[in-house]
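**Student:** What would the 3D arrangement of this be:
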Amino acid sequence: MDELFSPTIWDRVRYTEDGTQFGEGLIWAVGLDAELVGVYYNKDIFEELNLGIPESVTELEETMQLIKEGGYTPISVGILDDWQFFHLYGALQHAALAQQMGADTAQEYLDDIVVRSKADRSWLEAGNVESARILQNWVENGYLVDGFTARGGDDAISVFLACASALFIQGSWYSSSIAEADFESGFFPFPPMESGGTFRVPGENQS
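**Tutor:** Next comes the predicted model:
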């Protein structure tokens, strides 16, 4: 079975035999589907503004600045639904921690905190702080849709579908709605911190 999914995916269906520890022990079941978080983008806006696919967080920020100067909101998000914030911050977090620790070590660290709730792991890691700093800068630079703190997920997808924003950093569960949009859309993995760097697809999970 190890050939079907990566070890980190299998960890999401493991429990110890006594049922007290998630993420370790026996595989009890296999989820019906898998989801991933990445970047949806409006190809029409990208073509209009002559933009390419960013290959690093720095290039993503440069792209967002050009989108803003072109009269569009860079990112639509609605953090009234807290999971929308989690996915946006988590994308940056994965990139920053992968640069700090290496992709495999970063994944193990995140699984220890989020999946296995290891008491000896701390959130006070440089990558976590850096990703929060970057996101704060995005807010200060006006890269997130106006009123994002009072918008929910339905509001955020509506802004993107209305061609008011160029980017929507969320999961594959939105793919059917975006496929029906009145514009051509694309999807790319959230980039690493530096061009050519390593990354793991953020939010990859089974349910």
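**Student:** now the end-to-end length of stretch 174-189.
**Tutor:** With C-alpha to C-alpha, to the nearest Å as the measure, stretch 174-189 spans 15 Å from end to end.
**Student:** for the record, mean pLDDT for that stretch?
**Tutor:** Averaging pLDDT along stretch 174-189 gives 93.
**Student:** repeat for stretch 13-20
**Tutor:** Rounded mean pLDDT across stretch 13-20 is 79.
**Student:** Which positions in that stretch come out as buried?
**Tutor:** Buried residues in stretch 13-20, counted by 16 or more other C-beta atoms under 10 Å: Val13, Arg14, Tyr15. (C-beta placed from N, C-alpha, C; glycine too.)
**Student:** quick one: buried residues of stretch 120-140?
**Tutor:** Judged by neighbour count using 16+ other C-beta under 10 Å, the buried positions of stretch 120-140 are Arg121, Glu125, Gly127, Asn128, Glu130, Ser131, Ile134, Leu135, Trp138.
**Student:** meant to ask about stretch 22-33
**Tutor:** Result for stretch 22-33 [16+ other C-beta under 10 Å]: buried residues Phe22, Gly23.
**Student:** Give me the contact list for it.
**Tutor:** For stretch 22-33, the external contacting residues (C-beta atoms under 8 Å, 6 or more residues apart in numbering) are 1, 10-17, 111, 115-117, 206-207.
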